[in-house]
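K.L.:
With the input below, show me the fold.
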Amino acid sequence: MARRERVVRMSVEQPLWRALTAYRVLTMVYAVLIFFYERERFERPWVAAWFLAFLAIWTLVTLPRVANAVSCTKRFLIADLAVAVTGILLTPLADTHAQQIDGPTLPSIWAAGSVLAFAIKGGWRWAAVASSVVAVANLVERAHPSRDTLHNVLLVWVASIAIGYVVEVARASERTLARALEIEAATRERERLARDIHDSVLQVLAMVQRRGTALGGEAAELGRLAGEQEIALRTLVSSGLVPATRASEDTVARTAGRDDEPCDLRTLLAPYAGSRITFSEPGAPVLLPPAAAEELTAAVGAALDNVRRHAGSEAHAWILVEEWPDEVIVTVRDDGPGIPEGRLAQAEGEGRLGVALSICGRLRDLGGTAELISVPGQGTEVELKVPRGETRR
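P.N.:
This is a model prediction of the structure:
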C-alpha cells in the first residue's frame, strides 16, 4: 500500500517539481540580466557580481535537489532559503539607491522559488513559515517599505500558502483514491474466490446431500452433514467474509504462464456439446483474450449447471455463439419449466449466488453484461455479451 501510494504521489507531484526547476533556472537568468543592464547604477557592482555568480552556480548544481520530493530534503530547503535571504539583505550593500527607488533585490523573483519549494514539499504550513521569513527580509532591506513592497510581500505570502494548500488537498485525494483502488481490488478478488467456491465446493456438497438422502442409511447422515456445511459456506460467501488477497499465488502463476495470444472461444465451448446440448458456432474463429475466453466459458458452464439442476435431466439446452464487430454474444437457452418470478432474488437472499456471482459477476468483471430472460413454462435464456477490444480482426 505504501509503495503504491508513493508511486501515485510522485506521478501527480512530478509536474510541480519540473515546473519549479524551470522557474529557478529562468528567474536566475532574469536576475543576472537585470544586473547586466543596470550595472552602472551599482555603487559596489563586485558585490552583486559575486553573489549572482554564486546564485547561478547554486541554481545549476542543485537542480537534482528540486527534481522530486525525496531529494528535496529539509536541510536543502533551509540552505536554499538562506541563499535567498542573504541576497535580499546584500542588496543595499551593492546598491545604496535600491531602497530609495524601490528597485528589485539581487535575487529578484528567484527568492519566490525557495518559498514554492517549501510549499510543494511540506504544504501550506511550511509555505507560511518560508514566505514569512522572506517577507521579513524584504521589509528589513527596504527600511521604509513602500506600498508596492508590501503588495509584493503579501502576494508571495498568499500565493505560496494557496499552492501549499492545493498540494495537501491533492495528496489527500491521492490517498483516498489509492484506498478505493485497494478496496476495489480486494472486492474483485473476493468475488473471484466466491465464484470458484460456488463452481466447485458448493456444487459438490449439494450433490453429496442429494445422493446421500437418496441412498439413505449412513449415507443420509453424511448428506445431512454436507447440507449443513453447504449452508454455512453459502452464508460465509454471501456475507462477504471470504478472505481476499492482493493476488493469490495461483492467480499470479496462472497469469504469468498464460499466453497473450487470443484464443478461439469455439474450442473452449465445444466440449459442452452433447446429446441434450446443441452447440451452434460461426464458421470462423471467435478470438478473445485468454482471460476473457476462460471467464466467459466458466459463465456458460454455470448456466448449464443451472439447467441440469433446475430444469431436470430431460431438458434440452442450446448454446449459440454470435460474433459481431465490437462484441461476442453467447446465448444459453433451455426448454425447462423456467424461473418463477422473484425466485432469483429469493435465492440470492438465501446465499445461493450462482447467477449473481458465477454468471453476472464474471461478465461484469469483463466489462460485459449478462441478461436473463425466463417465462414460467417456456424455458430460460441467458445472453452473455463481451466486448471484443483489441482481439477484433
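K.L.:
Backbone dihedrals for Val47, both of them.
P.N.:
Main-chain torsions, Val47, degrees, to the nearest 10: phi -70, psi -50.
K.L.:
cool, and Gln378?
P.N.:
Backbone torsions for Gln378, taken as degrees, to the nearest 10, come to phi -120, psi 20.
K.L.:
next one: Thr62
P.N.:
Phi and psi for Thr62, reported as degrees, to the nearest 10, are phi -90, psi 10.
K.L.:
let's number from 19 now, not from 1
P.N.:
Right, with 19 as the first residue, what we last looked at is Thr80.
K.L.:
check contacts around it.
P.N.:
Each residue near Thr80 by C-beta atoms under 8 Å, 6 or more residues apart in numbering is listed here: 94, 98. Just so you know, the C-beta spots here come from the backbone N, C-alpha and C atoms, and that holds for glycine as well.
K.L.:
Check the gap between it and Val43 for me.
P.N.:
Here Thr80 is placed at a distance of 11 Å from Val43 (C-beta to C-beta, to the nearest Å).
K.L.:
for Asp352, same thing?
P.N.:
Distance, Asp352 to Val43, using C-beta to C-beta: 72 Å.
K.L.:
now do Gly397
P.N.:
As defined by C-beta to C-beta, Gly397 lies at a distance of 74 Å from Val43.
K.L.:
How about Gly140?
P.N.:
In terms of C-beta to C-beta, Gly140 sits 23 Å off from Val43.
K.L.:
more neighbours, those two?
P.N.:
Between Gly140 and Val43, Gly140 has the larger neighbour count (other C-beta atoms under 10 Å), namely 20 against 16.
K.L.:
Leaving aside the residues adjacent along the chain, what's closest to that one?
P.N.:
Gly182 (7.2 Å; C-beta to C-beta, 6 or more residues apart in numbering).
K.L.:
you'd agree that neighbour is in a helix?
P.N.:
Yes. Gly182 forms part of a helix when assessed by DSSP: H, G, I helix; E, B strand; the rest coil.
K.L.:
Return the residues in contact with it.
P.N.:
Gly182 neighbours (C-beta under 8 Å, 6+ apart): 136-138, 140-146.
K.L.:
ok, which stretches of the stretch 269-411 of the chain are helices?
P.N.:
For the stretch 269-411 of the chain, the helices defined by DSSP state H, counting those that start in this stretch occupy 283-287, 308-324, 361-367, 380-383.
K.L.:
Let me see the confidence value for the residue nearest to Gly140.
P.N.:
Listed pLDDT for Gly182 reads 86.
K.L.:
same thing with Lys403?
P.N.:
At Lys403, the pLDDT value in this model is 92.
K.L.:
and Ala180, how many neighbours?
P.N.:
Neighbours of Ala180 using other C-beta under 10 Å come to 13.
K.L.:
Can you tell me, leaving aside adjacent residues, what's nearest to it?
P.N.:
Using C-beta to C-beta, 6+ apart, the closest residue to Ala180 is Trp142 (7.6 Å).
K.L.:
mind showing which ranges of this protein have poor pLDDT?
P.N.:
Filtered on pLDDT under 70, the chain yields the residue ranges 19-30, 114-121, 161-164, 166-167, 204-205, 207-227, 236, 244-278, 360-376, 407-411.
K.L.:
quick one, strands of it?
P.N.:
With DSSP state E, the ranges of strands along the chain come out as 281-282, 295-298, 305-306, 335-341, 345-352, 387-392, 398-405.
K.L.:
need those in TSV with mean neighbour count and distance to Phe54, can you?
P.N.:
Below are the strands of the chain laid out as TSV (neighbours: other C-beta atoms under 10 Å; distance: least, C-beta to C-beta, whole Å):
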stretch	mean neighbour count	distance to Phe54
strand 281-282	18	69
strand 295-298	15	83
strand 305-306	22	67
strand 335-341	18	72
strand 345-352	21	67
strand 387-392	16	69
strand 398-405	21	62
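K.L.:
Would you mind giving those as TSV with distance to Glu186 added?
P.N.:
What follows is the strands of the chain, written out as TSV (distance: least, C-beta to C-beta, whole Å):
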stretch	distance to Glu186
strand 281-282	48
strand 295-298	59
strand 305-306	45
strand 335-341	52
strand 345-352	44
strand 387-392	41
strand 398-405	39
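K.L.:
Can you say which of those is nearest to His169?
P.N.:
Nearest to His169 among these is strand 398-405 (57.8 Å), distances taken as C-beta to C-beta.
K.L.:
Report the strands that pair with the closest one, each with its relative direction.
P.N.:
Strand 398-405 pairs in its sheet with strand 345-352 (antiparallel), strand 387-392 (antiparallel), by DSSP bridges.
K.L.:
List of residues touching the longest one?
P.N.:
Counting by C-beta under 8 Å, 6+ apart, the neighbours of strand 345-352 from elsewhere in the structure are 283, 287, 304, 306, 314, 318, 321-322, 325, 329, 333-340, 386, 397-406.
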